[in-house]
Every structure is written in structure tokens, then in C-alpha cells.
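Peer 1: Model the structure of this input:
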Amino acid sequence: MLALACLAGGLGLYGSFSGQAAWEVETMRGIQAASPAPMRWVAHGMTALGNYPIYPLVVIAPIVALFVARHGSLALLVAAAAALRMLSPALKDIIDRERPSAALVDVSSQLSSPAFPSGHVLSATLLFGVLVYAVDIAVPHTTIKRWLQGALVSMIVLMGYARVELGEHWPTDVLGGWAVGALMLVFLCRAHRMFAAQPVRQVVSNDLV
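Peer 2: Predicted coordinates for the structure are as follows:
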């Protein structure tokens, strides 16, 4: 957690003072030039997952599934991860980084909100990351579990690619979204483990008494 906090803080400081760094402009141009045309549609699709009205459905579906499967604490964990996404606007206002300019790179949509961290990437890291954790606990079949976890991790990576491909975030905005999201994710998963283990420790304590 300390390493993630240092990484997120360092990227935030960089975002505050870097402006439109030349190396990031060239990196974005390279990614956009190398991306085949169909990937633009993939990027739009990934971005849509983080927007209303699709995002609430993506959150509600696993929550309902986990409750039905009698994994209530994991369902609450998913809800908590989705709620932490609300911190993204506050972080953006603190860093107050300018978004990529259409004069420098191909920008699909010029947004007015600050750039760092990428809210879509932060949300994807939290939601799909906590689902990786939930799948590890809730799905007994190893092969199915690994396929689901691989797909979820791929969604996190693709979301980062999508935000750069569409020209709506700098590469370090994406890195910041991954770092901040991972930091929150580790905190949530550790809290869940402590909560889930509490009844066991209480039973052991009562038996000893």
C-alpha cells in the first residue's frame, strides 16, 4: 500500500506541474497511429461502460448475483468499490491538469473536466479489480475462475488503452487511475478479509474461554 501511495502521489505531483509534456504527446500520437480502425470502436465501447446509464447496470448485475449466491459481504464490497469512484472528481480538482489538446493529438471528444486521474480507469480498476477478488472466493471451479479473472483484468487494461486512444487522457492520467484505483482496491480487500475473519476469531476466543 505504501508503494502504491507513493506512486499515486508522485504521478499526481507530475500531473500538477507537467502540463502537455512532449513525450506524452508523442506517446499518444504513436498509440493512435498504430491502432487499427476497429479499435476505435472498442475504445468507444469501453468508455461507454464507465458512463451512465450503462455503468450502474455493470455494477448492479454482480451485486445481485453475489447476493443470490449468498455472498452478501462480497456484494457489499462491490458496492463500496463503486461508491469510491465518487472521489475521482475531487482528485481531479486538486490536481487540476489540462486535458490533451485537439491541436496536438486526435481528440474524440473535448471534455472540460480536469484530466488527472482518469475517472474511467480508476472506476474500472476498482470495480473489475474487486470482482477479480470476489471471483477468487465465490467461484469454486479453478478453470472458470481463471478465465473470468483474466477477462476482468483485460477490461482494466483495455479501459486504459481506450482513454488514450480516444485522446481524452494523457498516458500518466491512465497510470494515475490504475495506481489510485489499486490503492483503494487493496484497502477494500484487506478490510473485507479482516471483516470476514472476525467471526472465526470470535469463535476461537469463546472456545478458549
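Peer 1: Touching, residue 42 and residue 162? I think so.
Peer 2: Yes: in this structure residue 42 lies within contact range of residue 162 using C-beta atoms under 8 Å: 7.0 Å. Quick note: C-beta positions are derived from backbone N, CA and C, even for glycine.
Peer 1: Specify which residue of those two has the higher count of neighbours.
Peer 2: Shown here are residue 42 and residue 162; by other C-beta atoms under 10 Å, residue 162 has more neighbours (28 against 15).
Peer 1: so which helix or strand takes in that one?
Peer 2: Mapping residue 162 onto the secondary structure by DSSP states H and E places it in helix 142-165.
Peer 1: what's the distance between the residue nearest the centre of the chain and residue 26?
Peer 2: Centre of the chain computed as the mean C-alpha position; nearest residue by C-alpha atoms, centre = their mean is residue 125, 2.0 Å away. Noted for residue 125: a distance of 26 Å to residue 26, by C-beta to C-beta, to the nearest Å.
Peer 1: outside of stretch 35-54, which residues touch it?
Peer 2: Contact partners of stretch 35-54, identified using C-beta atoms under 8 Å, 6 or more residues apart in numbering, comprise 55, 58, 108, 119-120, 123-124, 155, 158-159, 161-163, 165-166, 168.
Peer 1: Turn the buried ones among those into a named ChimeraX selection, would you?
Peer 2: The following ChimeraX command selects only the buried members of those, with burial defined by 16 or more other C-beta atoms under 10 Å:
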select :55,58,108,119,120,123,124,155,158,159,161,162,163,165,166,168
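Peer 1: Quick one: neighbours of residue 139, just the number.
Peer 2: Around residue 139 there are 16 other residues, counting by other C-beta under 10 Å.
Peer 1: in the protein, which spans are helices?
Peer 2: In the chain, the helices defined using DSSP state H lie at 2-18, 22-34, 38-49, 54-68, 72-84, 88-95, 119-138, 142-165, 171-208.
Peer 1: Go through these and name the closest to residue 112.
Peer 2: Shortest distance between residue 112 and those, using C-beta to C-beta, is found for helix 88-95: 11.0 Å.
Peer 1: Against which helices or strands is that closest one packed?
Peer 2: Taking 3 or more C-beta pairs under 8 Å, 6 or more residues apart in numbering; DSSP states H and E as the contact definition, the neighbouring helices and strands of helix 88-95 are helix 2-18, helix 119-138.
Peer 1: for the chain, what helix or strand is lowest in average pLDDT?
Peer 2: For the chain, using mean pLDDT, DSSP states H and E, the weakest element among its helices and strands is helix 171-208, scoring a mean of 79.
Peer 1: Where does the prediction get shaky in the chain?
Peer 2: Per-residue confidence for the chain (pLDDT under 70) gives these ranges: 197-209.
Peer 1: do you know how far residue 109 is from residue 163?
Peer 2: Between residue 109 and residue 163 the distance, using C-beta to C-beta, works out to 11 Å.
Peer 1: ok, the closest residue in space to residue 31 that isn't next to it in sequence - how many residues close by?
Peer 2: Taking C-beta to C-beta, 6 or more residues apart in numbering as the measure, residue 31 lies nearest to residue 164, with 5.4 Å between them; neighbours along the chain are not counted. The number of residues packed around residue 164, counting by other C-beta under 10 Å, is 24.
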